[in-house]
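In: Quick check, what structure comes out for this input:
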Amino acid sequence: MGRPLRIELRDGLYHITSRGNEGKAIFVERGDRYKFLDILSDYHDRFGLLVHAYVLMDNHYHLVLGTPRGNLLKAMHGINSSYTGYFNRKHCRKGHLFQGRYKGILVEKETYLLPLSRYIHLNPFRAGLVKRPEDYEWSSYSEYLGKVRKAKWMVHGWVLAPFNGENRGARRKYQEYVEAALGIAESPLSKVFGQIILGGEDFVGKVKGMIKRKVLTPEIVERKKFQEGVPFEKISKIVIEAFRLKQEDILGRRKRENLPRKVALYFAKRYTGKGNREIGDLFGGIHPSAVSKAAAWTEKEMARNRDLRNQIEKLNSYFKA
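Out: Predicted coordinates for the structure are as follows:
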């Protein structure tokens, strides 16, 4: 199974979720939730994590974390490992507690922190666990409203900043903002780009620019969204010139799957960063599976045909330059 890309930044802001393996409960009694919050407090002290919001459901949790030190990977590994060790000892079990690794989304503070906090705090209400969001004991919402003492490891200022501070009036305005969405099903997470970025167009572009300097291995989910590919026009031009053909001989939908066309499909899949459907559209709307088959055929043919292999290696140099 593919895995999401991890983005680790100093002063980053993240939405974190972790779910129980096979959808099973990760909190089965009150003591479990207290222990998780104790671990969160410990990692705030040790790793400098800023906890802006949280909710602990039965089979998963949500956190909004800031990372002044850029150490999210180590911190989250420690939090989940520590809690798993506790839970297994406490409940006489072995093995994985969580369903794979945590999911972390880099968040643009100015645009999405406020709606994300609202989404998290309304989780228990949407699940039908309480009639009023503030009645749920295991979230930070009642802290924000001033109904319970603020934990020493919680940070309210970022979320409340649009309401001019952490005073009583700001908390009342935040409550009005949250509860205005009681009947709204839309989630800010529907706007996530590539499974890992939540932000406006400029923010996404900036992060994509950083990611493009990384080497993205094949198991990274949606890696093609972050790779700057070779323009398709360049690929088609080079293949057409190399085989001395016309454009319609390669790109038309009804053309037979001739060797130059398969080579062009191979290069398009390898270098454009586009998915099979997009590539198929460029070749006259052929089926995505036809793109994969053509690329696979070309690779196999290269293994047994030295002349073809030499020709493709020569063409490769144009795309790597």
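In: So this protein: which segments form each domain?
Out: Annotated domains of the chain cover 12-213, 229-318 [the TED database].
In: Now the closest residue in space to Tyr86 that isn't next to it in sequence, what are its backbone angles?
Out: Distances taken as Cβ to Cβ, 6 or more residues apart in numbering place Lys35 nearest to Tyr86, at 5.4 Å, with adjacent residues excluded. Using the backbone N, CA and C atoms, a C-beta is placed for each residue, glycine as well. Main-chain torsions, Lys35, degrees, to the nearest 10: phi -60, psi -40.
In: Counting neighbours, what do you get for Lys35?
Out: Lys35 has 17 neighbouring residues, counting by other Cβ atoms under 10 Å.
In: ok, now Ile235?
Out: Per other Cβ under 10 Å, the neighbour tally for Ile235 reads 24.
In: Point out the one among the domains of the chain that comes closest to Leu5.
Out: Ranking the domains of the chain by proximity to Leu5 (Cβ to Cβ) places domain 12-213 first, at 5.5 Å.
In: tell me the mean pLDDT over that closest one?
Out: Taken as a whole, domain 12-213 carries a mean pLDDT of 94.
In: Just the buried residues of stretch 98-116, please?
Out: By neighbour count on 16 or more other Cβ atoms under 10 Å, the buried set for stretch 98-116 is 98-99, 102-109, 111-116.
In: end to end, how far does that stretch reach?
Out: One end of stretch 98-116 sits 23 Å from the other (Cα to Cα, to the nearest Å).
In: Redo the domains of the chain as JSON lines? Include distance to Arg6.
Out: Shown next, in JSON lines, are the domains of the chain (distance: least, Cβ to Cβ, whole Å):
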{"stretch": "domain 12-213", "distance to Arg6": "6"}
{"stretch": "domain 229-318", "distance to Arg6": "20"}
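In: Name the residues of the helix or strand harbouring Asn80 that come out as buried.
Out: Asn80 is part of helix 72-90 when elements are defined by DSSP states H and E. Residues of helix 72-90 classed as buried by neighbour count (16+ other Cβ under 10 Å): Leu72, Ala75, Met76, Gly78, Ile79, Asn80, Ser82, Tyr83, Thr84, Tyr86, Phe87.
In: The third one and Gly285, how far apart?
Out: What that stands for is Met76. As for Met76, its distance to Gly285 is 44 Å (criterion: Cβ to Cβ, to the nearest Å).
In: So what angle separates the directions of the helix or strand hosting Leu65 and helix 72-90?
Out: Using DSSP H and E, Leu65 sits within strand 60-67. Interaxial angle, strand 60-67 versus helix 72-90 (axes from the mean of the first three to the mean of the last three Cα atoms, to 10 degrees): 140 degrees.
In: Remind me what strand 60-67 packs against, helices and strands.
Out: strand 12-19, strand 50-56, helix 72-90, helix 109-121 (3 or more Cβ pairs under 8 Å, 6 or more residues apart in numbering; DSSP states H and E).
In: Need these in JSON lines (columns: distance to Gly165).
Out: Formatted as JSON lines, the helices and strands packed on strand 60-67 follow (distance: least, Cβ to Cβ, whole Å):
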{"stretch": "strand 12-19", "distance to Gly165": "20"}
{"stretch": "strand 50-56", "distance to Gly165": "16"}
{"stretch": "helix 72-90", "distance to Gly165": "28"}
{"stretch": "helix 109-121", "distance to Gly165": "15"}
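In: Nearest approach to Gln195 belongs to which of these?
Out: Across those, Gln195 has its closest neighbour in strand 12-19 (11.6 Å, Cβ to Cβ).
In: before we move on, back to that, to Ser140, which of the helices and strands packed on strand 60-67 lies closest?
Out: Using Cβ to Cβ, those put strand 50-56 closest to Ser140, at 5.1 Å.
In: what comes into contact with the closest one?
Out: 13, 27, 33, 36-37, 40, 44, 61-68, 113, 116-117, 120-121, 123-124, 136, 138-141, 151, 153-156, 158-159 (Cβ atoms under 8 Å, 6 or more residues apart in numbering).
In: before we move on, the earlier item: hmm, who's touching whichever helix or strand comes after the helix holding Asn80?
Out: Later in the chain than helix 72-90, the nearest helix or strand by DSSP H and E is strand 103-107. When contacts are defined by Cβ under 8 Å, 6+ apart, strand 103-107 is touched by residues 4, 6-7, 9, 12-18, 64, 72, 76, 113, 116, 189, 192, 195-199, 207.
In: again, but for stretch 293-302
Out: Under Cβ under 8 Å, 6+ apart, the answer for stretch 293-302 is Glu257, Arg261, Lys262, Val263, Leu265, Tyr266, Lys269, Arg270, Leu308, Arg309, Ile312.
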